[in-house]
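> can't give you the sequence, but here's the structure:
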DNA sequence: GCCGTTTTCGGCCCGACTGTTTTCAGTCG
């Protein structure tokens, strides 16, 4: 097992121990053990284990040394398996409801015998929860609301999770001998931040072997439909997927149709009608006549097209990329030839907002830099948390100073091709002041400012707070505008338009946080904001090496926001970024 | 479960908010 996988096991042990009512300090020992592990380099861990020196690391006592060694060498841990089997899985699920922690869950279990979400719902409806000591009407209501939200949210999935499932399926479909063409359609193809289900579209010569392959994918829990043209499955994760198989001549029309969005399709069909054509997933045919679309498409020769670009051209339009097909003016723009050339993943030369083990990251500075180099990035910005973010192990002034020295030494050593910039993700305090003094901020290459606490301020107060931080002369960019977590938590209330105006006025960049559960600032705000002169930084907010790849999700969102390469600062090369940051520091 | 010029047991632990209380426990970031 890798160090991060072992750390995950230790963290899970901590959660399970909490739910059994164990000594909280024992729980913390596992949590801090996980953190200590993340602070090591992968190779260092192997060496320490081999030499029997693991116990010399602070945080690893006798028990953890034994468990980490067992996990590292065998990939398994008997203690963990036993513990997991002894805790009802329903309790772990209950812990995901906001406001329900281990203490309350233990009371619910011991007093009411509740060990599942279903039993909890019933107990709330019967008023039994409100009657418990330490609980009340409001708590009961909050639990019910939490369960409802959970169910509502449960129907959708983060784009990244859906994409990771879909990629190998598309590749596998294309590799089948019967398959001529295969694509994933739907909101996944449009790069939406969340996805309801997966839609696979295939042009095939022979249907049965394709269906048989599809329903045999790993993780498929049940086959919910199996017909002539459409097969549906549900994965263990709850994600549903449809496979549609069409004749090759229909493929492009079906791909366009099932990519959507609904609004875009409605506008496209209206446009077709205005040109005497009827458009559907079956084809593009003369509009007059009786019968179903399918019958018409078969009776009258459909227009033939080899790809979507030709399909759009038949309606007098430039090609519209899937990300723009939201019915938000893309057709008008495509008619006039006014579609922007959108930013692409390959345009990125680096990114600014990333963490290391100095705060709450899971990989060291060297590991993060090596990962950035492997991506071909010219630069990597390190922005660990500031001192007020206790929960994230925020850095004190002394630790920031030390990190700056480390980064300078790393750059000077020229071990990596990737240049590292010194930054901070500096907390915006409740009154809008920054968490570090000006002298310290002046030593850094750049400053990301973010809100991490007191989310409950009213909109006016929060807006003022953020604008005050933007006005600070050392601020380079604003982190996650609303602090939302997709499918889990609403963002704090803030007047985005006012914040955008302030950012433009003070030449401050706003980040498009590319973390798959943030994608914040929302793509719906970017088009107008960029027209007003706002510049964007697509930042992965990576907390481990694998997190750097999340910029892909950020690029999706940026494209949905009509952003061009020129509007995204981290498409610039190292020399340009150095000039930009030096210029800002000199000016202020 | 970890740690120790408080050293083998007793302490470990940041601050705000919420809802339950009438001074505080639990949760969260």
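Sure, I can see it. None of the values given here were measured: they were computed from a predicted structure.
> From here on, just use CA atoms for contacts and neighbour counts.
Noted.
> looking at chain A, which helix or strand is least sure?
In chain A, no helix or strand scores lower on mean pLDDT, DSSP states H and E than helix A:293-299, which sits at a mean of 53.
> any low-confidence regions in chain A?
In the predicted model, chain A carries pLDDT under 70 at residues A:152-154, A:288-301, A:588.
> can we see that at 80?
Residues of chain A that meet the criterion pLDDT under 80 lie in A:39, A:41, A:149-155, A:228, A:238, A:287-302, A:338, A:488-490, A:587-588.
> That one - how does it break down into domains?
Domain assignment for chain A by automatic domain parsing gives A:3-145, A:157-246, A:252-336, A:345-587.
> quick one: which of those is nearest DNA strand B?
Nearest of these to DNA strand B, taken as Cα to the nearest atom of the strand: domain A:3-145 at 2.7 Å.
> quick one: the residue most central in space within chain A and residue A:541, what's the gap?
Centroid-nearest residue in chain A, with Cα atoms, centre = their mean: residue A:516, separated by 0.3 Å. Going from residue A:516 to residue A:541 by Cα to Cα, to the nearest Å gives 10 Å.
> again, but for residue A:466
Residue A:466 sits 19 Å away from residue A:541, going by Cα to Cα.
> What parts of the stretch 251-400 of chain A come near DNA strand B?
Within the stretch 251-400 of chain A, the positions near DNA strand B by Cα under 7 Å from any atom of the strand are A:389-391.
> let's see 10 Å
A:387-393 (Cα under 10 Å from any atom of the strand).
> Quickly name whichever of those residues is closest to residue A:303.
Closest approach to residue A:303 among those (Cα to Cα): residue A:392, at 58.8 Å.
> neighbours around that closest one, how many?
Using other Cα atoms under 10 Å, residue A:392 has 16 other residues around it.
> Test my guess that residue A:184 contacts residue A:191.
No. When contacts are counted by Cα atoms under 8 Å, residue A:184 is not listed as touching residue A:191 (11.1 Å).
> other SSEs contacting the next helix or strand after the least confident helix or strand of chain A?
Proceeding N to C from helix A:293-299, the next assigned helix or strand is helix A:308-314, under DSSP states H and E. Other elements packing on helix A:308-314 under the criterion 3 or more Cα pairs under 8 Å, 6 or more residues apart in numbering; DSSP states H and E are helix A:251-259.
> How about residues contacting the helix it packs on?
Here helix A:251-259 makes contact (Cα atoms under 8 Å, 6 or more residues apart in numbering) with A:181, A:183, A:185-187, A:189-190, A:199, A:201-203, A:246, A:265, A:280-284, A:305-308, A:311, A:322.
> Which members of those residues occur in helices, if any?
A:186-187, A:189, A:265, A:308, A:311 (DSSP state H).
> Those residues: which two are farthest apart?
It's A:187 and A:311 that sit farthest apart of those, by Cα to Cα, at 19.8 Å.
> Between these two, which is the more surrounded one?
Neighbour totals were compared for residue A:187 and residue A:311, and residue A:187 leads with 24 against 21 (other Cα under 10 Å).
> What sits closest to the more buried one if chain neighbours are left out?
residue A:195 (5.8 Å; Cα to Cα, 6 or more residues apart in numbering).
> which residues touch that neighbour?
A:156-159, A:162, A:187-188.
> possible to save those as TSV with distance to DNA strand B and secondary structure?
Listed next are the contacts of residue A:195 as TSV, based on distance: Cα to the nearest atom of the strand, whole Å; DSSP: H, G, I helix; E, B strand; the rest coil:
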residue	distance to DNA strand B	secondary structure
A:156	19	coil
A:157	18	strand
A:158	17	strand
A:159	21	helix
A:162	23	helix
A:187	27	helix
A:188	27	helix
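> I'd guess residue A:481 is in a strand, am I close?
No. Using DSSP: H, G, I helix; E, B strand; the rest coil, the assignment for residue A:481 is coil, not a strand.
> List the contacts of the residue nearest to the centre of chain A.
So, once contact is read as Cα under 8 Å, 6+ apart, residue A:516 ends up touching A:158-160, A:193, A:550, A:553-554.
> Any idea how many residues pack against the closest residue in space to residue A:158 that isn't next to it in sequence?
Ranked by Cα to Cα, 6+ apart and with sequence neighbours excluded, the top spatial neighbour of residue A:158 is residue A:194, at 4.5 Å. If you count neighbours by other Cα under 10 Å, residue A:194 ends up with 21.
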